[in-house]
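In: Would you be able to build a 3D model of this:
(one chain, ligands or ions: 3)
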Amino acid sequence: MEVKARAPGKIILAGEHAVVHGSTAVAASIDLYTYFTFSSASPSDSNDTLKLQFKDDALEFSWHIERIKEALPDLGFPFSSTPTTCSAESIKAVATLVEEKNIPEAKKFLASGVSAFLWLYACIQGFKPATVAVTSELPLGSGLGSSASFCVALAAALLGFSGSVPLDTSHQGWLSYEESDLELLNKWAFEGEKLIHGKPSGIDNTVSAYGNMIKFRSGSLTRIKSSFPLRMLITNTKVGRNTKALVAGVSERMLRHHDAMNFIFKAVNSISEELATILQSPVHDDHVSVTQTEEKLEELMEMNQGLLQSMGVSHASIETVLQTTLKYKLSSKLTGAGGGGCVLTLLPSLLSTTVLDKVIAELESCGFQCFTAAIGGKGAEVCFNDKP
Ligand SMILES: Nc1ncnc2c1ncn2[C@@H]1O[C@H](COP(=O)(O)OP(=O)(O)O)[C@@H](O)[C@H]1O
Ligand SMILES: C[C@@](O)(CCOP(=O)(O)O)CC(=O)O
Ligand SMILES: [Mg+2]
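Out: Ligands and ions are numbered 1, 2, ... in the order given. Predicted coordinates:
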């Protein structure tokens, strides 16, 4: 049997970092996905290994099932219905399994993804052989939630592959999960995100699992029904960074300047709440009201960016994008953890393609990469293929 799952990346429209400290944030899925394909060993194979293939990097890692058993002896009785946090002891055991694979220095950033994979696999699937292939359309470590989409697609594939949630395996094409199963896979994905991010808020895995647009605060989501035709230019500064380190940096600043940071988080909360209200307000189909709404959204993005800067997560490359887009009267903010990565620029409905082309040309002449993505599509999906 072959099971394929996919989960989207995301943009955070307002509230990154502050959401880790209990503020509201607003996020939407984008139509760039991470894919997992699970194939069981055929009965004729004398297969006793778990293989993980990162197709985009042409890398393959494999472990003898016995070795996984030895490292994680308490697992093996799959407990797919009980999402479990990896204990400090298991983190060490998983890290050893990863270190044994001698990941090339230039690809070391993949190690946390491999750890998340091993933990979720052993918990949900137990000690069974399989071949697992991963590909992603998302730039990794750029603020578009590749880590969450990795964990959500992995959890979706595992729950489908292990047969632990009822799904119509005869269905042709992509299949969405039922609400209660979605909740379960989201909880598992969150456990994976913890191994990659350290202290995730849960917004990224939640928007990747559920799709569309969400408002998120302290672990709970509210679905947003936006009828506003939101268009964003995404500029990847290509400056690499790591979410775990940036989140930790904000927490350290919080310890040093507790009151000031609390006011910043409170301000971000108000920005996210206002943004969510605006997006859910009825849209009048005339240019004047659309433009007025866009201007409000732009102002909120600018305010949010200023606060992110005061949290210490902007970067010279991000500032270059802000200044460049401002020359064309366009507003931008970083998205995700910052420190490099991607920047969002609101594209007003009346913006001419000539101006857009100019902005993109100027940004790309700085070495950045610009693209657009459809906002607010479906979340995690699974697909079955009965291979002989
Ligand atoms: N397709 C993938 N294959 C392997 N690891 C992945 C993949 N996608 C994400 N990851 C893991 O997630 C990490 C990036 O996560 P993070 O720093 O949170 O940035 P972001 O989530 O914004 O892309 C990578 O370094 C890697 O460990
Ligand atoms: C900074 C943060 O708010 C979002 C991180 O997103 P990303 O990993 O940079 O795509 C962290 C979190 O909410 O877990
Ligand atoms: Mg991430």
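In: okay, CA-based contacts and neighbour counts for the rest of this
Out: OK.
In: Alongside ligand 1, which residues does this protein contribute?
Out: Selection of the chain residues close to ligand 1 by Cα under 6 Å from any ligand atom yields 109-113, 135-136, 140-148, 150, 197, 242-243.
In: Please pick the buried ones from those.
Out: 110-113, 135-136, 140-148, 150, 197, 242-243 (16 or more other Cα atoms under 10 Å).
In: so Val20 makes contact with Ser201?
Out: Yes. Assessed by Cα atoms under 8 Å, Val20 is found in contact with Ser201 at 4.6 Å.
In: Looking only at neighbour counts, state which of those two leads.
Out: Higher neighbour count among Val20 and Ser201: Ser201, with 26 against 22, using other Cα atoms under 10 Å.
In: what about the more buried one, distance to Lys128?
Out: 31 Å (Cα to Cα, to the nearest Å).
In: Need phi/psi at the residue nearest to Met213 when sequence neighbours are not counted.
Out: Using Cα to Cα, 6 or more residues apart in numbering and skipping residues adjacent in sequence, the residue nearest Met213 is Ala28, 4.1 Å away. In terms of degrees, to the nearest 10, the main-chain angles of Ala28 are phi -140, psi 150.
In: can you check Leu182 too?
Out: phi -60, psi -40.
In: wait, isn't it in contact with Tyr210?
Out: Yes. Applying Cα under 8 Å as the test, Leu182 and Tyr210 come out as touching, 7.3 Å apart.
In: ok so, going back, filter the buried ones among the residues of the chain next to ligand 1 down to just the ones in helices.
Out: Judged by DSSP state H, those include 111-113, 146-148, 150, 197, 243 as members of helices.
In: Which residue in those has the weakest pLDDT?
Out: Lowest pLDDT of these: His197, 91.
In: Contacts only, for that residue.
Out: Neighbour list for His197: 243-244, 247 [criterion: Cα atoms under 8 Å, 6 or more residues apart in numbering].
In: And the residue nearest in space to the middle of the chain, what's its pLDDT?
Out: For the chain, the residue nearest the mean C-alpha position is Gly145 (2.3 Å; Cα atoms, centre = their mean). For Gly145, the pLDDT comes out at 98.
In: Helices along the stretch 251-388 of the chain, start to end?
Out: 258-280, 287-311, 316-327, 353-365 (DSSP state H, counting those that start in this stretch).
In: returning to that earlier point: identify the contacts common to Val20 and Ser201.
Out: Contacts common to Val20 and Ser201, judged by Cα under 8 Å, 6+ apart, are Ser218.
In: what about Leu50, how many neighbours?
Out: Neighbour tally, Leu50, other Cα under 10 Å: 21.
In: Hmm, I typed the wrong one, I wanted Leu118.
Out: 20.
In: residues contacting it?
Out: Val94.
In: mind redoing it with 10 Å?
Out: 50, 52, 63, 68, 94-95, 97-98, 112, 192 (Cα atoms under 10 Å, 6 or more residues apart in numbering).
In: For it, give me the pLDDT.
Out: 97.
In: anything in the strand or helix carrying it near ligand 3?
Out: Element membership of Leu118, judged by DSSP states H and E, is helix 111-125. No. Helix 111-125 stays clear of ligand 3 (Cα under 5 Å from the ion), getting no nearer than 10.3 Å.
In: Kindly provide the whole-number mean pLDDT of stretch 39-58.
Out: 85.
In: Identify the residues contacting it?
Out: The contact list for stretch 39-58, computed with Cα under 10 Å, 6+ apart, reads 1-4, 36-38, 59-68, 107, 110, 114, 117-118, 121, 127-137, 161, 385, 387-388.
In: so how far is that stretch off the chain centroid?
Out: Offset of stretch 39-58 from its chain centre (Cα atoms, centre = their mean, to the nearest Å): 26 Å.
In: Send me that stretch as CSV with only the CA atoms.
Out: C-alpha atoms of stretch 39-58 as CSV (Å, rounded to 0.1, in the frame of the first residue of the first chain):
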residue,chain,number,x,y,z
SER,A,39,5.2,2.7,1.1
SER,A,40,5.1,-0.5,3.1
ALA,A,41,7.6,-3.2,2.5
SER,A,42,6.2,-5.9,0.2
PRO,A,43,5.8,-9.4,1.7
SER,A,44,8.6,-10.7,-0.6
ASP,A,45,11.1,-8.1,0.8
SER,A,46,13.1,-9.4,3.7
ASN,A,47,12.9,-5.8,4.8
ASP,A,48,13.9,-4.8,8.3
THR,A,49,14.7,-1.1,7.8
LEU,A,50,13.0,2.2,8.0
LYS,A,51,14.1,4.4,5.1
LEU,A,52,13.7,8.2,4.9
GLN,A,53,14.3,9.8,1.6
PHE,A,54,14.6,13.6,1.2
LYS,A,55,14.1,13.7,-2.5
ASP,A,56,14.8,17.5,-2.9
ASP,A,57,18.3,17.0,-1.4
ALA,A,58,18.9,13.5,-2.9
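In: From the contacts of His197, list the ones also adjacent to ligand 2.
Out: The residues of the contacts of His197 that also fall near ligand 2, by Cα under 6 Å from any ligand atom, are 243, 247.
In: Now do the contacts for the nearest residue to Lys378 once chain neighbours are set aside.
Out: Among residues not flanking Lys378 along the chain, Gly211 sits closest, at 4.6 Å (Cα to Cα, 6+ apart). Applying Cα under 10 Å, 6+ apart, we find Gly211 in contact with 7-10, 27-31, 205, 223, 375-380.
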